[in-house]
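> kindly return the folded structure for what I paste below:
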Amino acid sequence: HIREDSEAQSGQSHDSAELAKSRQVNAEWEKSFSDAINEVNIQNKEYLENIDLSIKKRFSKLPGLLKKTVVFGLDGVLVKTNFEPEGKDWKPTTLILDEKTRAKIKIYVSIRPYVVNTLKQLRRTGMELILYSTSKYNYTTAILNVLTKQRIEFHHII
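Just a heads-up that it's a prediction; the model follows:
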């Protein structure tokens, strides 16, 4: 029994030594990553401070420069869609299925709670808003029609 206990204790001390080493490596990586991010921020800040004022004014109107950017996913993040309305807040829109035949179908869009207010607040603060969708163009356009009626606008759609 004594031999088994000493082997078990040896295995536990080996495991705790590996765990401590793993934690140290992780802490070093996090510090180096944090230092690298801070260095980039400092370099960008110094670079932007040294730009000639006339150039800064001209380029500050370009999207993304000196602004914060937020990218939003369409389905499941901003809206839900269905073929039937699930409540009174669902808005109808027409989805064109085929450009050649002009086949259409009615779908219903529900804008998630607080989305309209949040996007308007972000836009007022000067943030660049980007909409990301993996859906087909026709589907995205149909949903954008509903969002536009709610006065939700994006700087870019990808």
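> run me through the strand neighbours of the helix or strand hosting Thr94, direction for each.
Using DSSP states H and E, Thr94 sits in strand 91-98. Strand pairing for strand 91-98, determined by DSSP bridges: strand 103-111 (antiparallel).
> quick check: closest non-adjacent residue to Asn138.
With sequence-adjacent residues excluded and distances taken as CB to CB, 6 or more residues apart in numbering, Asn138 is closest to Ile96, at 5.1 Å. All C-beta spots, glycine's among them, are computed from the backbone N, C-alpha and C.
> meant to ask about Glu99
Closest residue to Glu99 apart from its sequence neighbours, by CB to CB, 6+ apart: Asn138 at 7.7 Å.
> shouldn't the one you found be within a strand?
No - checked against DSSP: H, G, I helix; E, B strand; the rest coil, Asn138 lies outside a strand; its state is helix.
> that one contacts Thr94, correct?
No - counting by CB atoms under 8 Å, Asn138 does not reach Thr94; the two are 9.9 Å apart.
> which residues of the chain score low on pLDDT?
1-14, 26-66 (pLDDT under 70).
> in it, which spans are strands?
Along the chain, the stretches classed as strands by DSSP state E are 69-73, 79-82, 91-98, 103-111, 128-132, 156-157.
> make JSON lines from these and add mean neighbour count to it.
Below are the strands of the chain laid out as JSON lines (neighbours: other CB atoms under 10 Å):
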{"stretch": "strand 69-73", "mean neighbour count": "14"}
{"stretch": "strand 79-82", "mean neighbour count": "16"}
{"stretch": "strand 91-98", "mean neighbour count": "14"}
{"stretch": "strand 103-111", "mean neighbour count": "16"}
{"stretch": "strand 128-132", "mean neighbour count": "18"}
{"stretch": "strand 156-157", "mean neighbour count": "14"}
